[in-house]
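Participant: sequence first, then the predicted structure:
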Amino acid sequence: MKIAVTYENEEVFQHFGHTENFKIYTIKDGAVSEAHVEPTQGSGHSALAGFLAERNVDALICGGIGQGAKNALAQAGITLYGGVVGKADDAVRALLNGTLAYDGDATCSHREHEGGQCGSHDNCGGHDGCASHGCRG
């Protein structure tokens, strides 16, 4: 099994479509046997599901994610654990232990996302609603 995490500075990166790196974990016998960071090489929203599928990823842990990306992941057969915050390694351990806190309905519909801050939102209530879907506003 392979688990990918949107990754920046050891943390779960909070905007799937803007992630520059995934940390990909290979799981054997219920434990991490290997982990490495892989750059997305400029792949954007629409290409990231294919990027993960090409690497035989079975599950994705991320922060906020748009509906189009959720659909693409589902079509690729990748299980999504969205709305996750904190250290990437801790999130993978929690998933393996069955204790990962995630939001199956986590969405992020930004029109703008600059410098890690929320821009214009369609459905999260502006900056006050950012925490509800995992963006860094």
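Facilitator: Perfect, thanks for sending it.
Participant: which stretches in the chain count as strands?
Facilitator: Using DSSP state E, the strands assigned to the chain run over residues 2-8, 11-12, 21-28, 31-39, 59-61, 79-81, 113-114, 117-118.
Participant: in its sheet, what does the fifth one sit against?
Facilitator: According to DSSP bridges, strand 59-61 has the following sheet partners: strand 2-8 (parallel), strand 79-81 (parallel).
Participant: tell me which residues are up against it.
Facilitator: Contacts to strand 59-61, defined as CB atoms under 8 Å, 6 or more residues apart in numbering, come from residues 1-6, 12, 16, 52, 73, 78-81, 84, 88, 91-92, 95, 100, 102. (Glycine included, C-beta is placed from N, CA and C.)
Participant: just read off the phi/psi values of Thr19.
Facilitator: Phi and psi for Thr19, reported as degrees, to the nearest 10, are phi -70, psi 140.
Participant: wait, it sits on Gly64?
Facilitator: No: using CB atoms under 8 Å, Thr19 is not in contact with Gly64; the gap is 10.7 Å.
Participant: who has more neighbours, these two?
Facilitator: Neighbours per residue (other CB atoms under 10 Å) separate Thr19 from Gly64, with Gly64 holding more: 30 against 25.
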